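Undergrad: Please find the sequence and the predicted model below.
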Amino acid sequence: ATLAATPTPAPSPTPAAAKPKYGGVLRTYVPWDVLVWDLQKEPGQAYPMQYAQTAVFSRLLQWDHAKADSCGNPLVLNAAESYTYLNDRTMEVKLRPDIRFHDKPPVNGRAATAADVAFSFNRAKQVAISGSITPALKYLEKVEASGPLTVRFLFNSPYSMAPMTLLASNMVSFILPPEAGGPGPDKDYSNPDKNWIGTGPFLFKEWRPGVKIVFSRNPNYFKKGQPYLDGLEVITIPDAGTQFAAFTSGKLDMLLRAAGPIVENIRSN
C-alpha cells in the first residue's frame, strides 16, 4: 500500500498587536485620603500612598506586571540597569543612564545619579521608618555611590532577599533628589507641592484633601513613549456603595476590591 503524504497546513497568520492609544485621564479611587505624605515615614504604606508613590517616583526594580498572577512573581529591572552580588555582603547596582527628574524647581530636570540613590536609602534608615520593611533595613549597613551611576549596598550579614525587600520595595527604593527635601537634617518630604519631584511616569499636580489627587504625564519619562495616559485622578470615595455607583455611572474607570455580589451585579447588567 502506498501512503499519501498529508500536506502541512499553512500557519494561521498571527494577528498584529493593537497599538496603544495616547491620551485620556484614568479615574480611579481610594477609600481614604493620604494620611502621611512623607513617603519614607508612612508606616502602613496603605495603597492611597502607593498610588501616589508609584506615579511620581521610580523604584530600582519592580514586579513583572505581565506575570503578576504566576507563582514565581518575578522581578524585572526598572531604574536599575543591572544588579549583582559582589560577595555575600555587597550588592552592586548600576543605574540606567537616561533617567532624569521631573522638570520642576529646584531640581529642574537634572539627571538622576548614584548619589541620589545612596541618599534615598540612607535617609530611610535615618528617619527610622516603621512597618513591614523594618526587618529588611536592619541588615543594611549603608549605601554608597562608587561611581556616577554605580551604587553599592553593604550589609552587616549575608542577605539574599535584598532585591525583593529593598530594591523593589514600595517603601524605600524610590529615588529622591536631596535638594527637593525640606529643611532639617532628615530633609522632610511631606509637602507634595514642593517636595514630590521624582523620575516616575507622572508629575504631581494637585491635592484636594478629602477629594482627589491629580497627576499629569511626564513628557521626559525614561521609558520612551510612556506613559500613554495624559494623567491620573485618584478620587477619595470611602463608601463601597458610592464607589459602585460612580463606576456604573461612568465617573470611575476602575472598581477595585469589589465584593462578590457587586461583581455579579455588574456581570448581570
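TA: Received it, and whenever you're ready, just let me know what you need. Numbering: from 1, shown residues only.

Undergrad: Nearest residue to residue 165 in space, ignoring adjacent ones along the chain?
TA: residue 136 (3.9 Å; CB to CB, 6 or more residues apart in numbering). All C-beta atoms are positioned from the backbone trio N, CA, C, and that covers glycine.

Undergrad: Can you tell me which helices and strands whatever helix or strand the one you found lives in packs against?
TA: Per DSSP states H and E, residue 136 falls inside helix 134-137. Using 3 or more CB pairs under 8 Å, 6 or more residues apart in numbering; DSSP states H and E as the contact test, no helix or strand touches helix 134-137.

Undergrad: downstream neighbour of it in the secondary structure list?
TA: Helices and strands here follow DSSP H and E; after helix 134-137, the next one along the chain is strand 140-147.

Undergrad: before we move on, the earlier item: distance of the residue nearest to residue 165 from residue 172?
TA: 8 Å (CB to CB, to the nearest Å).

Undergrad: Please identify the helix or strand for the residue most central in space within the chain.
TA: By CA atoms, centre = their mean, the chain has its centre lying nearest to residue 54, at 2.9 Å. Using DSSP H and E, residue 54 falls within helix 47-56.

Undergrad: what comes up buried for the helix or strand following that helix?
TA: Counting by DSSP H and E, the element after helix 47-56 in chain order, helix or strand, is strand 61-63. For strand 61-63, the neighbour count (16 or more other CB atoms under 10 Å) marks 61-62 as buried.

Undergrad: Check what contacts strand 61-63 and list those residues.
TA: With CB atoms under 8 Å, 6 or more residues apart in numbering as the test, strand 61-63 has contacts from 73-78, 80, 83, 163, 167-168, 173.

Undergrad: shouldn't residue 78 be in contact with residue 64?
TA: No. Between residue 78 and residue 64 there is no contact under CB atoms under 8 Å: 10.4 Å.

Undergrad: Neighbour count for these two, which is higher?
TA: More crowded of residue 78 and residue 64, by other CB atoms under 10 Å: residue 78, with 21 against 13.

Undergrad: Quick check: that one vs residue 25, distance?
TA: 24 Å.

Undergrad: Setting aside sequence neighbours, what's the nearest residue to residue 124?
TA: Nearest non-adjacent residue to residue 124, counting by CB to CB, 6+ apart: residue 172, 4.0 Å away.

Undergrad: hmm, I was thinking of residue 75
TA: Closest residue to residue 75 in three dimensions, ignoring its sequence neighbours and counting by CB to CB, 6+ apart: residue 61, at 4.8 Å.

Undergrad: Could you list everything the one you found pairs with in the sheet?
TA: Bridge pairing for residue 61 (DSSP bridges) gives the partners residue 77.

Undergrad: Noted, bye for now.
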